[in-house]
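> model the following, please.
(2 chains)
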Amino acid sequence: MAYKEKLQPINEYEWLLPKAVRKEMKVAGKLIANKAIYNSMEDDTIQQLSNVCTLPGVIEPVIALPDAHFGYGLPMGAVAAFDAEEGVISSGLCGFDINCGVNSIRTNLSYKEIKNKLKELVPALFNAVPCGVGSKGKLRLNSNELNEVLVNGCEWAVEKGYGVKEDLKYIEENGKMQGADPKKVSDLAKQRGSPQLGTLGAGNHFLEIQKVTNMFDEAKAKEWGITDKDQVLIMLHCGSRGLGHQVASDYLKIQERAVQKYKIWLPDRQLACAPAKSQEALDYFAAMKCAVNYSFTNRLVMTQWIRETFEKIFNKDWESMGMHTIYGICHNVVKKETHTINGEKKELFVHRKGATRSFPDQPVLLAGSMGTASYILKGTETAMQKSFGSSAHGAGRAMSRHGALGEFRGNEIQRELAARGIITKSPSPKSLAEEAPEAYKDVEEVINSVHGSGISLKVARMEPIGVLKG
Amino acid sequence: MEKYKFIEDLTSDVLFEAYGKDLKELFTNAAEALLSVICNIKKVQPKKAEEYLIKADNIEDLMINWLQGIIAIVDTEQKFFSKVEVKEIDKNHIKAKLFGEPITPELGETVVKAVTYYKYKFEKTDEGYKATISLDI
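Take a look at the predicted model:
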């Protein structure tokens, strides 16, 4: 059955997947997308959306965002909320890269001031921020220190001189999710995570130097320290590394057994979950929070190394270059939040997989693909009503990594980007090919969809001038 | 017989099929497919070998645990591997040697985050065995 054909337009930016499409569906699904995104949406993505609509205690609607693409389990770029009493918590839905997310840092430098330094700056950042497969950080943590990171997140970082107190104010959850319990994290996960704190990783993770090209909401931009076109910003995209991957893999197995134990019917094994009040759910939630805190810390540690690298290159201290955190967000996470459902306040477990929180007036960071634009938007009341306070997280892939490798060559991409004034650096040209801009959806259509539907509103647009790929 | 084949099917991730006339060959080939995503197996020197034991309740789970185990070993040992030698295998355990060298970033391909259950299949075929595996990268 073609699922995409069953989508019914609600308005210019929303499509309903009716509950009647499939007998197992407990609620309807919804796609937020303009016509161009709808046209390019894969049928499998909509089928995966329907799968999640069958889970126990799911709250209507399960949402595919405009950057949704076919993944494992839930599409990347989706939100699913579950009743805190009757629903489930799912390690499968949250995905393997727990708190993969983005930090945006501003500077008071202009493109003109930085342009001639880029050839020096990008390699210097490459030396300061370890990246690539198996990259080891410069930190050496003993097991007590690692446990502190898992419990206290960015507070640990600030205490050790990585980042400052002010940073905490501008990170989701203030860089520390309460209720993290390191006892729920396996020794193997800790062993994997210990040498990797302060590393970027590989794949779609990146560090980008950007220039502001447009400001759509000047008042809001100014409030967040974005005052001029051509102002230089920095965007850092990475996650919880091997620690988070192992936590997710461990609990996927535990919750797979829970699925049998609690007799939950699943259309896809990867959607493993456990009743929200069960030990298997609570243990996962406490372990997931550890990975969330690790990842927040990871990004703040690297933020400080970025500041130090700028200090060396520009021979000024980072404070005088105004290198403050604009905001740090997660885009793979489970959160217990209160939302109004049919006029009633309800506690929900909101699963965001490839989705950004979009609470009113909060900065929403949407990372484009390599070589294309990224955006800063603001969260809205509309998002609270339509998408459990969530918006899109990126451009969303349109071509598989394997497909991209067949189509593109890393060295050519590097040359093409250089011709556009974008300096790139990566340990392997292959990772540049996998992340070729053409392998992604058009970010402008994604932005048009989130802005048009009102789930977040444009504040500023940036283009890359320097890219560091893992 | 072909050892493994990557399938152009999963937009965000990697999907492959591994084949083998027996379990030993299947598990060797699946591991090689995984390692070829992580590092350049043509250039990683199989200098040193360590033996690992991985267990599971059944053969389907053993394949997942085996590949998941290799992903973790790359992190914990800080090594890339290019050769696999299965010493013992039955439906509940695999004992194997992984040959490789300490990680050098230039030989890295991409970080494999995990083996997923999505589209996972373990089949007996006329020629032996076939496993269909998707990776989150």
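> quick one: secondary structure of the nearest residue to residue A:306 once chain neighbours are set aside?
Closest residue to residue A:306 apart from its sequence neighbours, by Cβ to Cβ, 6 or more residues apart in numbering or on different chains: residue A:234 at 6.0 Å. (C-beta placed from N, C-alpha, C; glycine too.) Of the three states, residue A:234 takes strand under DSSP: H, G, I helix; E, B strand; the rest coil.
> surely residue A:234 touches residue A:114?
No - contact between residue A:234 and residue A:114 fails when scored by Cβ atoms under 8 Å: they sit 10.7 Å apart.
> find the residues that touch each one of the two.
Both residue A:234 and residue A:114 are contacted by residue A:209, under the criterion Cβ atoms under 8 Å, 6 or more residues apart in numbering or on different chains.
> ok, these two, which is more surrounded?
Using other Cβ atoms under 10 Å in any protein chain shown as the criterion, residue A:234 and residue A:114 rank with residue A:234 on top: 23 against 20.
> contacting residues around that one?
Contacts of residue A:234 (Cβ under 8 Å, 6+ apart): A:104-107, A:207-210, A:306, A:323.
> let's have those residues in TSV, adding distance to residue A:225 and neighbour count.
Shown next, in TSV, are these (distance: Cβ to Cβ, whole Å; neighbours: other Cβ atoms under 10 Å in any protein chain shown):
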residue	distance to residue A:225	neighbour count
A:104	10	27
A:105	10	26
A:106	5	22
A:107	9	22
A:207	19	27
A:208	18	26
A:209	16	27
A:210	14	24
A:306	16	25
A:323	10	23
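> so can I have a markdown table of these showing pLDDT and distance to residue B:129?
Formatted as a markdown table, the contacts of residue A:234 follow (pLDDT from 0 to 100; distance: Cβ to Cβ, whole Å):
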| residue | pLDDT | distance to residue B:129 |
| --- | --- | --- |
| A:104 | 98 | 49 |
| A:105 | 98 | 51 |
| A:106 | 98 | 55 |
| A:107 | 98 | 56 |
| A:207 | 94 | 43 |
| A:208 | 95 | 44 |
| A:209 | 96 | 49 |
| A:210 | 97 | 49 |
| A:306 | 97 | 49 |
| A:323 | 98 | 55 |
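> nearest to chain B among the residues you listed?
Chain B has its nearest neighbour among the contacts of residue A:234 in residue A:207, at 15.3 Å by Cβ to the nearest Cβ.
> report how many residues lie close to the nearest residue to that closest one once chain neighbours are set aside.
Leaving aside its chain neighbours, residue A:207 sits nearest to residue A:468 (4.2 Å; criterion: Cβ to Cβ, 6+ apart). Neighbour count of residue A:468, defined by other Cβ under 10 Å: 25.
> my guess is residue A:468 meets residue A:124, correct?
No - Residue A:468 is beyond contact range of residue A:124, at 10.2 Å (criterion: Cβ under 8 Å).
> list the contacts for the nearest residue to residue A:317 once chain neighbours are set aside?
The shortest distance from residue A:317 to any non-neighbouring residue, by Cβ to Cβ, 6+ apart, is to residue A:311 (5.8 Å). The contact partners of residue A:311, taken as Cβ under 8 Å, 6+ apart, are A:317-318, A:321.
> in JSON lines, list those residues along with distance to residue B:64.
As requested, the contacts of residue A:311 are exported to JSON lines (distance: Cβ to Cβ, whole Å):
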{"residue": "A:317", "distance to residue B:64": "50"}
{"residue": "A:318", "distance to residue B:64": "45"}
{"residue": "A:321", "distance to residue B:64": "48"}
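> which one (most neighbours) among the residues you listed?
residue A:318 (20 neighbours).
> you'd agree it is in a helix?
No - applying three-state DSSP, one finds residue A:318 to be coil, outside a helix.
> residues in contact with it?
Contacts for residue A:318 (Cβ under 8 Å, 6+ apart) come out as A:307-308, A:310-311.
> middle-most residue in the chain, spatially?
Picked chain A for this. Central residue of chain A (Cα atoms, centre = their mean): residue A:331, 2.9 Å from the mean position.
> think we crossed wires, I meant chain B
Here the mean C-alpha position of chain B is nearest to the C-alpha of residue B:31 (Cα atoms, centre = their mean), at a distance of 2.0 Å.
> the nearest residue to that residue once chain neighbours are set aside: how many residues sit nearby?
Residue nearest to residue B:31 in three dimensions, not counting chain neighbours: residue B:84, with 4.5 Å by Cβ to Cβ, 6+ apart. Using other Cβ under 10 Å, residue B:84 has 22 other residues around it.
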